[in-house]
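> what follows is a predicted protein model with its sequence.
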Amino acid sequence: GAGRLIDGRIVAVGSRLDVTATLQAVRTRDVLATVHAAGTSDSILSIFDALAAQLMIQEVSQGQRRLSELLTTKLPALRPYLAGIKKYRSGQYEAAVRDFEQAIQVDSTFVLAAIELSTALAMTGEEQGNPGVEELAWKNRNRLSSSNQLYLSLLLGPRYPAASGYADMIRSWESVIDTIPRRWEGSYFLGDLLFHWGAYVGIKEWQSLARSAFERALEADSGLAPALEHLLELALLARDSTAVRQLSRRYLRSAPLGDDVQYVRWRTAVYFRDDTGRAQVLAGRATLSASALRRILSAAQLNGVAVEDALLAANELHRRANSVRSLYFTTWYERELLFNLGRPNEGLRRSSEPPAGLSLPLDALFRVIESAYWDGDSAVAAAMVREREPSALTPLRQPARPTEAQAMDVCTVALWRLQHDDVS
């Protein structure tokens, strides 16, 4: 029942072994990959591990990266890392996260696994992500090849560990995009920045630029699920019905096990006013991935469509909350949604204190916004503002840039003062 076979050759010269392995398709005998490893006879197990690793790299289309660039000699770490790459590309972000976490557990200095874990977490919509992963990658960056060091600096921002502005990050990706043409990541992450932040930083043609970037990513990997998802969103924004049909079908073919399959079905059903298809997705919401539920919750509000479905998604996320942390965030989802639905009193009754030790720069800003617009507790907001005034009012020495927390403190204090006609 196997679809492939491995044919090998060993050449021994004295104590040195030279081993070549060829991966072939059983039915056609087409050669899928040829790899090579060498060493002394007393290291034969290491030689076979190296061969297996190279074949796995070929399996997930990472052949342009040499084994030495992956920076782990531990096959038990490499195996879940490569499995995670494959799952990420096919839209299985939550499973990819687990694979990358396993790789890091086996090899705590596996920098590339830390990088990919950070990107996979972002696609799940996981709250707060895992900043420790980025710190791990940065701490061990000198172990990376020059090309991977560049990749890391682009992902984290040119000023890391200080915060980088989105305009700076977009310019950084644009300046090097032509130097990494064989890697889908370059075009994809440029497209992702343009999609989410292009309009925010004043790029007028952000939609067409993002579309071009995602299409270039698909030229390198035609089944790249996250690129297809973003192109679908762009088609929806443009109200291009033909593209919506084509891209939704292409996504469902390319990523049948993807976390967002049911979101894609829901989104296209809403767009085409297919009430039956929409109801079928919602009827099975207990089985939807957390990622799909978060996307329904977000898309319904951002696009002003089927907002009642967002409440069902929020309730399902709340039902699944299995920790103080997840309960806190799901409660925030419900509060924001109820505010947007014009039900502020009900929203204000949904409250949950943040878990101890969880730093949330946005929390104080949200409390000020609630106080200003939704009859929230002004005493709580005022206390939070007082706590943040020392940080917000401390002048920065050039060329230092504010951290995310400092920038949020400035916004919080400034909004509070404007609301109270205090322009001092």
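Looks like it came in fine. Residues are numbered from 1 along each chain as shown.
> alpha carbons only for contacts and neighbour counts from here, please
Noted.
> pLDDT-wise, which helix or strand of this structure ranks last?
helix 44-59 (a mean of 54; mean pLDDT, DSSP states H and E).
> surely residue 170 touches residue 191?
No. Using CA atoms under 8 Å, residue 170 is not in contact with residue 191; the gap is 9.0 Å.
> higher neighbour count, those two?
residue 191 (30 against 21; other CA atoms under 10 Å).
> not counting sequence-adjacent ones, nearest residue to the more buried one?
Nearest residue to residue 191 in three dimensions, chain neighbours excluded: residue 210, at 4.3 Å (CA to CA, 6 or more residues apart in numbering).
> residues near that neighbour, how many?
Count around residue 210 with other CA under 10 Å applied: 25.
> same question, residue 152
21.
> pLDDT below threshold where in the chain?
For the chain, the stretches with pLDDT under 70 are 1-17, 19, 21-26, 29, 31-74, 126-131, 180-183, 352-361, 396-402, 423-424.
> switch the cut-off to 50
The model of the chain has pLDDT under 50 over residues 1, 47, 62-71.
> for the residue nearest to residue 191, grab phi and psi.
The phi/psi pair for residue 210 (degrees, to the nearest 10) reads phi -60, psi -40.
> and it, how close does it get to residue 141?
29 Å (CA to CA, to the nearest Å).
> next, residue 109: secondary structure please.
Three-state call for residue 109 (DSSP: H, G, I helix; E, B strand; the rest coil): coil.
> which residues touch it?
By CA atoms under 8 Å, 6 or more residues apart in numbering, the contact set of residue 109 is 136, 140.
> give me the phi and psi for it.
phi -110, psi 20.
> now swap in residue 161 and tell me
phi -80, psi 0.
> now do the SS call for residue 20.
Put simply, residue 20 is strand when judged by three-state DSSP.
> next one: residue 105
helix.
> what's the answer for residue 336, then?
Under three-state DSSP, residue 336 comes out as helix.
> what's the closest non-adjacent residue to it?
Using CA to CA, 6+ apart, the closest residue to residue 336 is residue 347 (7.2 Å).
> and residue 388, how many residues sit next to it?
Residues within reach of residue 388, counting by other CA under 10 Å, total 19.
> do residue 176 as well
When neighbours are counted by other CA under 10 Å, residue 176 registers 14.
> same deal with residue 178?
There are 11 residues near residue 178, going by other CA under 10 Å.
> ok, residue 208 next?
Neighbourhood size, residue 208 [other CA under 10 Å]: 13.
> next one: it from residue 345, what distance?
Residue 208 is 41 Å from residue 345, by CA to CA.
> can you give me the helices for the stretch 201-350 of the chain?
Per DSSP state H, counting those that start in this stretch, the stretch 201-350 of the chain carries helices over the ranges 206-220, 225-238, 241-254, 261-271, 275-283, 290-303, 307-320, 324-340, 344-349.
> make TSV out of these and add distance to residue 417.
Listed next are the helices of the stretch 201-350 of the chain as TSV, based on distance: least, CA to CA, whole Å:
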stretch	distance to residue 417
helix 206-220	34
helix 225-238	36
helix 241-254	45
helix 261-271	40
helix 275-283	43
helix 290-303	28
helix 307-320	33
helix 324-340	23
helix 344-349	22
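> between those, which one is closest to residue 408.
Residue 408 lies closest, by CA to CA, to one member of these: helix 324-340, at 17.8 Å.
> test my guess that residue 216 contacts residue 187.
Yes. If you go by CA under 8 Å, residue 216 and residue 187 touch, sitting 6.1 Å apart.
> so the two - more neighbours on which side?
A direct count of neighbours by other CA under 10 Å for residue 216 and residue 187 places residue 187 higher, at 27 against 19.
> looks to me like the more buried one is in a strand.
No. Per three-state DSSP, residue 187 lies outside any strand segment and is helix.
> let me see the contact set for it.
177, 213, 214, 216, 217.
> quick check: the farthest pair among these?
Checking the contacts of residue 187 with CA to CA, the most distant pair is 177 and 214, at 12.6 Å.
> between these two, who's got more neighbours?
Taking other CA under 10 Å, residue 177 and residue 214 do not tie; residue 214 has more neighbours (27 against 16).
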